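Peer 1: this one's sequence-less:
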DNA sequence: AAGCAAATTGGTAGCGCTGCCAAAAAAACC
DNA sequence: GGTTTTTTTGGCAGCGCTACCAATTTGCTT
């Protein structure tokens, strides 16, 4: 079956029906410029009668700037990104901007291709995760003339606007916390770090901090693929099978940490006396477990909100550090 | 600081630089119509040299149909919707379609407003959650002439295409399962059902099924606000405070059920011997808990994929029932 | 070599709207 | 009453691209 376009009502038809000029209709509809109350009523009546829906494609082409904001994000499975989108979309909707997105699967090459596709829509801004991009992506974004916002990672040079926090600092503080608590035989369970560079940064800073205190990481287990509760569980199981006397494990994020937590529950490993668990992200679910998860809470929704606000306000280039909060919890 | 548009390279400039006509460049770039290999090379060289990025706004306006697909979803916090988006976006990207979205917060009025805003982009399709919409929304979508896809709920009349499963059937099967297992004093913990009509349908069918077996629901606890692990925990706590001899509790979804599960763990309530727990959605996390969660797994990603495929293929109006799977788990 | 079909190419009229400018109408002034 | 302002209005040229058509070139055939 072929799809047939309904005959569309155009602005010209509204103008005709209302007995006014096209530009008058345009002014009334955008509430911009001046027109009399009587004209307004006639136009609105015609709009209502004909069921006119303005065409923003045409409007955007005719005017200079678009009200599209493009998101190029690594994943929708990792709740981090829906959270950012949620914060941003609320602000954008208030300001009559429209969010567009596509998903890279943590693949920089795909990021480049998708960013290019996005630029074809001439968005007001492109929002990307992190600050590592291919040379091609950077060049293209620079040349595009549209605003670029890099989200969730401040450890690097920003192209234009950056909103988030330092993953390195998060890794450091996590290590410092575990050390302060007296843990000395520390392990790590993580997911694919080549793809998730932010998790990689946390891990390397975590290790550096441990090294700096002459308490190097005892063992680590890296699982291929994305982070998940099941992978966290599996990772801890494998790590413990190899390494007998760990007293704490740092996980690449809360999903993984919850998996580890469940493993301990299932195996009767006492937390934190026998084994401490520390995560990252501060998901709500970690607060409802029998023992609240020790973790770092990141301002994901706020990151989206602030990013959107800066774009809407057309703010100058800047890096906004939203920080994070260490949650002591009861698992470490 | 004011944002300044970079001087944009247009198709006409590429044509000039390549020494060919505009339509030739257009044909080469879209790989549509015929042109010689030599011409192709010259055009591509000029594109490369000038860093030309096609303008899809202009392209869409000039051609008839757009390659935008608009999603109007209730929430991004409830993982259900990111899952659907994920499935859909993969298929759409393969077919060079672009996903656009906005979030209604389960508010039908907002849905109407956002759907209207979406139609202004003249999308190829609008995708909505469920099949309950305001009269205004329905009228507008009907008049728009674009494809309409209703997701995740088959219990109602579809406007055009519907993809999902029956929430009523899910409620019925959940009840039948608990009865089959021998539970007779059954309670319910849910979140705001006025807004989440799909959860409401599951609940009412669940109750009807219980009634049909002369085992009416013993008690229920409905919490205001969205579903969350914390609310599930709180809900079960309140329910048990009021009602002493329940032997099973049905939750509005897995998030809520996990909260209940954690409550039992924390309070030392034996599962399922003392109290059984049953959820809905089949989240991955429910498979990694010490006792796998008894629940119904819904095909969320597949819903998005199928929906996108039907739109891309411009399929005729139809309702596609993807079904669901009851997971026995170990909590009921 | 002429004749015809097929492949390739360029010109140009819109797509529906906004922005600019000048014209017309209304209001305010002396 | 006749200006001078101010407000309101309509006309129309694009925005950058695609679709259509006609013109040109190429390749074959006889």
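Peer 2: Looks like it arrived, so ask away. Remember, it's a predicted structure, so these values are computed and weren't measured experimentally.

Peer 1: which residues does residue A:269 contact?
Peer 2: Applying Cβ atoms under 8 Å, 6 or more residues apart in numbering or on different chains, we find residue A:269 in contact with A:263, A:275. C-betas here are computed from N, CA, C, even on glycine.

Peer 1: Now it. Its backbone dihedrals?
Peer 2: Here is the backbone geometry of residue A:269 (degrees, to the nearest 10): phi -80, psi 120.

Peer 1: any idea how far it is from residue A:235?
Peer 2: Distance, residue A:269 to residue A:235, by Cβ to Cβ, to the nearest Å: 14 Å.

Peer 1: Just the pLDDT for the nearest residue to residue A:25 once chain neighbours are set aside.
Peer 2: Nearest-residue entry for residue A:25: residue A:15, 4.7 Å, with adjacent residues in sequence omitted and distances by Cβ to Cβ, 6 or more residues apart in numbering or on different chains. Here the pLDDT value assigned to residue A:15 is 96.

Peer 1: Return the residues in contact with residue A:15.
Peer 2: Going by Cβ under 8 Å, 6+ apart, residue A:15 touches A:21-22, A:24-25.

Peer 1: Then it would be within a helix, right?
Peer 2: Yes: counting by DSSP: H, G, I helix; E, B strand; the rest coil, residue A:15 is part of a helix.

Peer 1: What segments of chain A are strands?
Peer 2: Secondary structure of chain A (DSSP state E): strands at A:68-73, A:98-103, A:125-129, A:147-151, A:161-164, A:186-190, A:219-222, A:248-251, A:276-278, A:295-297, A:318-321, A:325-327.

Peer 1: Now those strands in TSV, please, with extra columns for mean neighbour count and distance to residue A:198.
Peer 2: Output for these, formatted as TSV (neighbours: other Cβ atoms under 10 Å in any protein chain shown; distance: least, Cβ to Cβ, whole Å):
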stretch	mean neighbour count	distance to residue A:198
strand A:68-73	26	12
strand A:98-103	24	16
strand A:125-129	27	8
strand A:147-151	24	10
strand A:161-164	27	9
strand A:186-190	25	12
strand A:219-222	17	15
strand A:248-251	30	14
strand A:276-278	28	17
strand A:295-297	24	12
strand A:318-321	14	15
strand A:325-327	16	17
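
Peer 1: Adding mean pLDDT and distance to residue B:162, write these out as a markdown table.
Peer 2: Listed next are these as a markdown table, based on pLDDT from 0 to 100; distance: least, Cβ to Cβ, whole Å:
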| stretch | mean pLDDT | distance to residue B:162 |
| --- | --- | --- |
| strand A:68-73 | 97 | 28 |
| strand A:98-103 | 96 | 24 |
| strand A:125-129 | 97 | 32 |
| strand A:147-151 | 97 | 35 |
| strand A:161-164 | 98 | 39 |
| strand A:186-190 | 98 | 41 |
| strand A:219-222 | 97 | 43 |
| strand A:248-251 | 98 | 40 |
| strand A:276-278 | 98 | 44 |
| strand A:295-297 | 98 | 39 |
| strand A:318-321 | 98 | 43 |
| strand A:325-327 | 98 | 43 |
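
Peer 1: Using CSV, please lay out the ones you listed together with distance to residue B:120.
Peer 2: Below are the strands of chain A laid out as CSV (distance: least, Cβ to Cβ, whole Å):
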stretch, distance to residue B:120
strand A:68-73, 12
strand A:98-103, 9
strand A:125-129, 20
strand A:147-151, 22
strand A:161-164, 27
strand A:186-190, 44
strand A:219-222, 47
strand A:248-251, 45
strand A:276-278, 48
strand A:295-297, 38
strand A:318-321, 31
strand A:325-327, 40
